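> kindly generate the corresponding structure for this input.
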Amino acid sequence: MPTPHPRIAILGNRVSDLNLVQLEHFTDLGGLLAVAVFDVLLLDMPGAYAGRVLSKLRTLPSYRYRLIYCCRDQDSWCEALGDGACPVEASEITARWEVWQERFSLLRQGPAPERFESRVLAWLWLRDHAQVCALRDPEVPQHYRYPLLEALADSEQINSFAWLALMVQQDWLEEGVLVDRVRLCPDCGSGRLNFIDVCTECQALDIARQPSLHCFTCGHVGAQESFLKDGVLLCPNCLNRLRHIGSDYDRPMENYRCRSCHAFFVDAEVQARCLDCGLSHTPDQLRAREVRDFRLAEAGRFRCRQEFSDHSGRHFGRLSLLGGKDFYDLLSWQILLARRYPPPAFSLIGLRFVNLPGTLSLLGEHRGHAFIDSLADRLKESVRETDRCSRSTEEFFWIMLPHTDAKGLECVKQRLNRVAELFSAPEVSDISLRVITLTAPQDLLDQENGELLLARLASELE
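Numbers count the residues shown, from 1 in each chain. Sure, this is the predicted structure:
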C-alpha cells in the first residue's frame with residue numbers, strides 16, 4: 001500500500017526550513033545510502049557540490065528515478081540531473097510526488113526498463129516538462145555533453161549525439177531549445193580547433209603584415225623597406241626615383257608577406273587545425289553540429305504509457321499497432337499497388353479522439369489506463385486480423401484495411417460506432433469521436449504518398 005505522504009530526507013549541512021514531520025537529516029552521502037530509499041530527497045548544499053552528488057545518485061538504481069530537489073543555487077549539473085529548485089510549500093512537494101508516484105507505480109507493474117532508451121524515456125515520462133539538457137564542458141572534445149544520458153547509460157558505451165538524433169528520427173524525442181552550434185573536425189570529430197592564417201601560395205605559417213610599394217615604371221612590387229635608399233624612395237628593380245604617390249607609385253592591397261616563399265597577398269588563407277589529431281582543414285570542410293536540449297515527444301509519451309502497463313501493452317499489441325515510419329512505408333506501398341494494378345483496392349479509416357489527452361490527465365494514470373484498455377478492446381472488436389493500425393498521436397488512430405472497397409468500408413464503420421458508446425460516462429463525456437474514411441485509388445491525390453495522405457486526412461479531422 002502506498003503511503004499518503006512521501007518520506008523526505010535532506011542531505012546537507014543545515015536543516016531545511018520546511019515544516020515536515022517526515023523529514024530526516026543526513027550530513028553525508030554514505031549515511032543516506034545506508035538506510036531505506038526515500039521518496040523525495042532535498043540537497044541543501046552549494047550548487048557545485050550538489051551537482052556532483054546528483055551525478056552519483058542518478059547512477060544508482062535506488063535513486064535513478066526519484067524526485068531530487070536542490071535547495072540552494074543550482075549549477076548546470078543540477079539543472080540537467082535534478083528536478084529544479086525545492087518548492088517553498090510542503091504541500092507542493094506532496095502534490096508533485098503524488099503525480100510521480102502514480103506513474104512510478106505503473107512503471108513497477110511491468111519489467112524494469114533494461115534497455116538504455118527505455119530508461120531515458122521512463123525518466124522523462126515520470127516528470128512533467130523534463131528535458132535532456134546539454135551541458136557545456138571544455139574537458140570533452142565536442143565541448144558539450146548530456147549528463148542525464150551518461151548517468152543512465154550504466155556500463156553501456158553510447159554516442160550521445162548520434163543516439164539523440166536516432167530518437168528524434170523515430171519520433172520518441174523532439175528537439176527543444178537550440179543551445180549552440182559547433183564546428184567539428186571531419187576526421188576525429190573533435191571541436192578543439194585552432195584557426196590559423198597561412199600563406200596562400202605555400203601554406204606556410206610564417207607570414208607577417210608588411211607595408212609594400214608598387215612601382216608604376218617597371219611594375220615591381222616589394223616591401224617598403226627595400227625602396228628606401230639614403231632617405232629617398234628608389235625602385236630596387238629599375239632604380240627610378242619615386243616622388244609622387246599616384247603617378248610614380250602606389251601602395252598595393254597586398255599587405256601580407258610570406259617569409260618562406262616571399263609571396264605577397266591581400267588576405268591570408270584560413271585553416272582549422274585540429275588540436276587532437278593534428279590535421280588541417282578549410283573552414284568549409286568542418287562538420288557543423290547543432291547542440292540542443294530534447295524533450296519527450298507525444299509518440300514517446302504514448303510509448304511509455306503502452307510499455308509500462310501490462311494491460312495496455314497487451315491490448316494494443318493485439319491490434320497489430322505499427323510505429324509511425326513503418327505505417328507510412330506500408331501505406332505508401334499499398335498506394336503504389338492500388339495505382340498500378342486493378343482492384344481489389346484498400347481503404348483507410350482515421351479516428352480522432354478529441355480531448356482524450358486532457359481527459360486522461362484528469363482521470364489520473366490508473367483510471368486513464370483502464371479507460372485506454374476499454375477503448376482498445378472496443379477497437380479490437382471492429383478490426384480484423386489482416387488490418388493494420390497506428391497512432392500518430394494520442395488523439396489520432398489509423399486503420400488500414402487491405403482488399404477492402406467502399407462497401408466493405410461501410411460495414412467496418414458501422415462496427416466502429418460502438419466505440420463512441422464509451423464516451424457516455426460523465427467523467428469522459430468531454431471526449432468526442434471524429435471519423436474520416438478513404439478508398440484507394442479513387443480518393444487519392446496525384447503524387448501522394450503515405451505520409452502526405454495521413455497529413456491531409458489529419459488536417460480534415462481538425
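> outside of the lengthiest strand in the chain, which residues touch it?
Using DSSP state E, we find that the single longest strand of the chain is strand 173-184. Under the criterion CB atoms under 8 Å, 6 or more residues apart in numbering, residues 131-132, 134, 136, 142-144, 164, 167-168, 190-191, 193, 272, 283, 286-297, 300 lie in contact with strand 173-184. Any C-beta I mention is one placed from the backbone N, CA and C, and that applies to glycine too.
> and stretch 230-245, by the same measure?
Stretch 230-245 is touched from outside by 213, 215, 217-218, 220, 222, 226-229, 248-249, 251, with contacts defined as CB under 8 Å, 6+ apart.
> go with 7 Å
Residues from elsewhere that reach stretch 230-245 (CB atoms under 7 Å, 6 or more residues apart in numbering): 215, 217-218, 220, 222, 226-227, 248-249.
> for stretch 26-41, same thing?
The contact list for stretch 26-41 (CB under 7 Å, 6+ apart) reads 6-9, 11, 13, 53, 56, 62-63, 66-68, 93, 97.
> returning to that earlier point: so which of the contacts of strand 173-184 sit within helices?
164, 167-168, 300 (DSSP state H).
> mind checking which of the contacts of strand 173-184 are buried?
131-132, 134, 142-144, 164, 167-168, 190-191, 193, 272, 286, 289, 291-297, 300 (16 or more other CB atoms under 10 Å).
> tell me the pLDDT of the closest residue to Asp206 other than its chain neighbours.
Residue nearest to Asp206 in three dimensions, not counting chain neighbours: Arg259, with 4.5 Å by CB to CB, 6 or more residues apart in numbering. pLDDT for Arg259: 84.
> what's Arg259 sitting at in phi/psi?
phi -80, psi -10 (degrees, to the nearest 10).
> residues contacting it?
206-208.
> tell me the most packed of the residues you listed, by neighbour count.
Ile207 (22 neighbours; other CB atoms under 10 Å).
> residue contacts, that one?
197-199, 256-259, 268 are the contacts of Ile207 under CB under 7 Å, 6+ apart.
> for Ile335, state which of these is nearest.
For those, the closest approach to Ile335 (CB to CB) belongs to Val198, at 55.4 Å.
> still on that earlier bit, can you lay out the ones in helices among the contacts of strand 173-184 as TSV showing distance to Ser424?
TSV is the format used below for the ones in helices among the contacts of strand 173-184 (distance: CB to CB, whole Å):
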residue	distance to Ser424
Leu164	43
Met167	39
Val168	39
Gly300	31
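> tabulate those (CSV), appending distance to Arg119 and pLDDT.
Below are the ones in helices among the contacts of strand 173-184 laid out as CSV (distance: CB to CB, whole Å; pLDDT from 0 to 100):
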residue, distance to Arg119, pLDDT
Leu164, 14, 93
Met167, 13, 89
Val168, 18, 87
Gly300, 13, 81
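> hmm, which two among these are most spread apart?
Maximum distance among the ones in helices among the contacts of strand 173-184 (CB to CB): 12.2 Å, for Leu164 and Gly300.
> filter the contacts of stretch 230-245 down to just the ones in helices.
Those of the contacts of stretch 230-245 mapping onto helices are 226-227, per DSSP H.
> list buried residues within the contacts of stretch 230-245.
Neighbour-count burial within those applies to 215, 220, 222, 227, 248-249; the criterion is 16+ other CB under 10 Å.
> same list (these) but as a markdown table, adding pLDDT and distance to Glu395.
Converted to a markdown table, the buried ones among the contacts of stretch 230-245 look like this (pLDDT from 0 to 100; distance: CB to CB, whole Å):
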| residue | pLDDT | distance to Glu395 |
| --- | --- | --- |
| Cys215 | 89 | 79 |
| His220 | 86 | 79 |
| Gly222 | 78 | 76 |
| Phe227 | 86 | 80 |
| Asp248 | 85 | 82 |
| Tyr249 | 85 | 78 |
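> which of the residues you listed sit farthest apart?
Longest distance between any two of the buried ones among the contacts of stretch 230-245 is 14.7 Å, between Gly222 and Asp248; criterion CB to CB.
> so the residue most central in space within the chain bridges to which residues?
Nearest residue to the geometric centre of the chain (CA atoms, centre = their mean): Phe294, 3.2 Å. Bridge pairing for Phe294 (DSSP bridges) gives the partners Val132, Glu175.
> where does pLDDT dip in this protein?
1-3, 14-22, 109-112, 253-254, 306-321, 323, 364-370, 372-373 (pLDDT under 70).
> picking that back up, just the ones of the contacts of stretch 26-41 in helices?
Counting by DSSP H, those place 53, 56, 93, 97 in helices.
> burial of the third one, as a residue count?
A count of neighbours around Ile93, defined by other CB under 10 Å, yields 22.
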